[in-house]
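> let me see the structure of the following:
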Amino acid sequence: MLFNSFVFLVFACLFFLGWFLLRGKQKLRWIFLIAASLFFYGWWDWRYIFLLLYTGFIDFSAGIAMERYPSRKRLLLALSIFGNVGSLAIFKYLGFATVSANFMLRTLGVEHQLPVYNLLLPVGISFYTFESLSYTIDVYKDRVKPTHDILHFFSFLALFPHLVAGPIIRPYDLLPQIAANKRPTEQQKWDGLSLIARGFFKKMVIADNLAAIVNSAFSAAVPQYSAPFWWVIVTMFAFQIYCDFSGYTDIARGLAKWIGYEFPLNFNHPYIADSIRDFWSRWHISLSTWFRDYVYIPLGGSKKGNLRSHVNMWITMVVSGLWHGAAWHFVIWGALHAFYLTLERITLWPKRVSGIFAGRLVGSVILITMVWVAWVFFRATTAGQAAHIVSIMFSPRALDWSPVVQMDRMPMLAMCVAALRESYLWLRLDGVQIWQNRYVRAFEPVMISLVFVASIFWRGPGAAFIYFQF
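This is a model prediction of the structure:
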């Protein structure tokens, strides 16, 4: 079920009506929340509800067993990891693994080929698998006590706002909120409305208006031989994926506030970062911190010398790329960011150029260029297509501006609106003090209304959120 659909509007109205009517009836509320969340998830394909329940029951049981049998915690953790990663591997990576294995067999001259199974990828499996897995890991490390209330656990795991595309919520962040059962404050309700309005604008006005032209460019049989064209297209994609994903997160955080919960910030204007490391502290924060805490640090982090820290970082980034998709161009995307981080650690180039405004500007141009090149590999359908597009982007012979001039106005306008907002923040004109002025805040209801109106009348062609496929 898509947030940007009429069906979800009906679902949300019925859910919040039921949530309000059941206030004071705690157990019924959790049952209602879980049932509504499973209905929300099952709207796409009801059969995959059982996969979600399977994942949850494994980790709920593992958490209780770890408390009851502490001497077997390591074995129980291994079983939990096997159950979670095993289901993820079957549905997401089995086809990729067999295709890659067959390629290697052909390269070695082996005629026998393995059968290829391309299973339908369940929506959100990467997100709820990581959430459930973080629960058992945190119980194993004594970061959180296991819950004995199965309704609390499935309210944490299946909560519909973050179920299919995050943010990835840690158990120690959400389980205490569920147990507390607090009612949303008036401030939470208002902040939630503001976040939802912002999220729909990002998704429907910015991302959806950019999606058609980006999809058309990357689906062309022969890529347009124009460097300016591809720089504009990649810039459009950069803002499309940012507004699409951060828009989803804003809506999810807003809905959670209406229920009475607080979700952590997941995006913090990554394109105004001053280094690749800073970029990853601002982009998809819940995922980047998940990989830091559950992959990079367990591998040894930076405690075993410089060389080992680089190796650990490369492993983490490549795995992160593979998490995004079972294809080599995603692996290359992760490896590119690992290379950028290695280069940054060795040369310390961001610090060397950030002393004055001109240096900061040059540093931002370099950073954006690096991130944009990596986005080509993320968005392309194959690694070969990505490499060809990058070669065009840097070709001195491909300076034809006519494809750019012929572009539709609405996508160009959407790109400019997003770029101007980020440029405004890059110039450190945050405007927080302005928004805290009581006279300015008096106009906030009007501005929220205008944002909703814009989302209706200037929306692009409706599309699923990009991260649903991950």
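> now the end-to-end length of stretch 282-296.
End-to-end distance of stretch 282-296 (C-alpha to C-alpha, to the nearest Å): 18 Å.
> got the contact list for that stretch?
130, 133-134, 137, 166-169, 245, 264-270, 272-273, 280-281, 312-313, 315-316, 319-320, 323 (C-beta atoms under 8 Å, 6 or more residues apart in numbering). (Each C-beta comes from the backbone N, C-alpha and C, glycine too.)
> three-state assignment of S391?
Following DSSP: H, G, I helix; E, B strand; the rest coil, we place S391 in the helix state.
> for PyMOL, what selects the buried ones among the contacts of stretch 282-296?
Written as a PyMOL command, the selection of buried residues from these, which uses 16 or more other C-beta atoms under 10 Å, is:
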select buried, resi 130+133+134+137+166+167+168+169+245+266+267+269+270+272+273+280+312+313+315+316+320+323
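> F153 against G56, yeah?
Yes - using C-beta atoms under 8 Å, F153 is in contact with G56, at 6.6 Å.
> neighbour count for these two, which is higher?
Neighbour count, other C-beta atoms under 10 Å: between F153 and G56, F153 has more, with 26 against 21.
> excluding its backbone neighbours, what's nearest the more buried one?
The shortest distance from F153 to any non-neighbouring residue, by C-beta to C-beta, 6 or more residues apart in numbering, is to F60 (4.7 Å).
> for stretch 76-91, which positions count as buried?
Buried residues in stretch 76-91, counting neighbours by 16+ other C-beta under 10 Å, are found at L76, L77, L79, S80, I81, G83, N84, S87, L88, F91.
> and it, average pLDDT?
Averaging pLDDT along stretch 76-91 yields 90.
> same thing with stretch 290-302?
Here the average pLDDT along stretch 290-302 is 92.
> any buried residues in that stretch, and which?
So stretch 290-302, judged by 16+ other C-beta under 10 Å, has buried residues W290, F291, D293, Y294, V295, Y296, G301.
> on the pLDDT front, check E67 for me.
On the pLDDT scale, E67 is placed at 93.
> secondary structure element holding it?
helix 49-68 (DSSP states H and E).
> what is that helix packed up against?
Where contact means 3 or more C-beta pairs under 8 Å, 6 or more residues apart in numbering; DSSP states H and E, helix 49-68 is packed against helix 26-42, helix 73-88, helix 125-140, helix 150-158.
> run a quick neighbour tally on W258.
Neighbour tally, W258, other C-beta under 10 Å: 20.
> now stretch 422-429, how far from the chain's geometric center?
Relative to the chain's own centre, stretch 422-429 is displaced by 23 Å; criterion: C-alpha atoms, centre = their mean, to the nearest Å.
> okay if I get the buried residues of stretch 76-91 as TSV plus distance to N306?
As requested, the buried residues of stretch 76-91 are exported to TSV (distance: C-beta to C-beta, whole Å):
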residue	distance to N306
L76	35
L77	30
L79	36
S80	33
I81	29
G83	36
N84	33
S87	37
L88	32
F91	38
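> quickly name whichever of these is closest to D208.
When the buried residues of stretch 76-91 are compared for distance to D208 (C-beta to C-beta), F91 comes out closest, at 27.8 Å.
> which residues touch the closest one?
Taking C-beta under 8 Å, 6+ apart as the test, what F91 contacts is L51, L119, L120, L121, P122, I125.
> quick one: secondary structure of it?
helix.
> now it, nearest residue through space, not along the chain?
For F91, ignoring the flanking residues on the chain, the nearest one in space by C-beta to C-beta, 6+ apart is L119 at 5.3 Å.
> give me the number of residues near the one you found?
Using other C-beta under 10 Å, L119 is surrounded by 10 other residues.
> who's in contact with it?
The neighbourhood of L119, defined by C-beta under 8 Å, 6+ apart, consists of I90, F91, L94, G95.
> adding distance to D400, write the residues you listed out as CSV.
Shown next, in CSV, are the contacts of L119 (distance: C-beta to C-beta, whole Å):
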residue, distance to D400
I90, 47
F91, 43
L94, 43
G95, 38
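> which residues in the stretch 101-250 of the chain form helices?
Here the stretch 101-250 of the chain has its helices, by DSSP state H, counting those that start in this stretch, at 125-140, 150-158, 171-180, 186-200, 208-219, 227-259.
> contacts only, for the closest residue to T55 other than its chain neighbours.
Nearest residue to T55, sequence neighbours excluded (C-beta to C-beta, 6+ apart): S132, at 5.0 Å. By C-beta under 8 Å, 6+ apart, the contact set of S132 is T55, G56, I58, D59, N84, L157.
> closest to W19 out of the residues you listed?
Taking C-beta to C-beta as the measure, W19 lies nearest L157 of those, at 18.2 Å.
> now the phi/psi pair for the residue positioned nearest the centre of the chain, please.
Nearest to the geometric centre of the chain sits H284, at 5.2 Å (C-alpha atoms, centre = their mean). The phi and psi values for H284, taken as degrees, to the nearest 10, are phi 40, psi 60.
> ok, V10 next?
phi -60, psi -50.
> how far away is it from R292?
Distance of V10 to R292, given as C-beta to C-beta, to the nearest Å: 39 Å.
> repeat for W283
13 Å.
> same check on L151?
Distance from L151 to R292, by C-beta to C-beta: 31 Å.
> kindly report the same for T107.
Separation of T107 from R292 (C-beta to C-beta): 36 Å.
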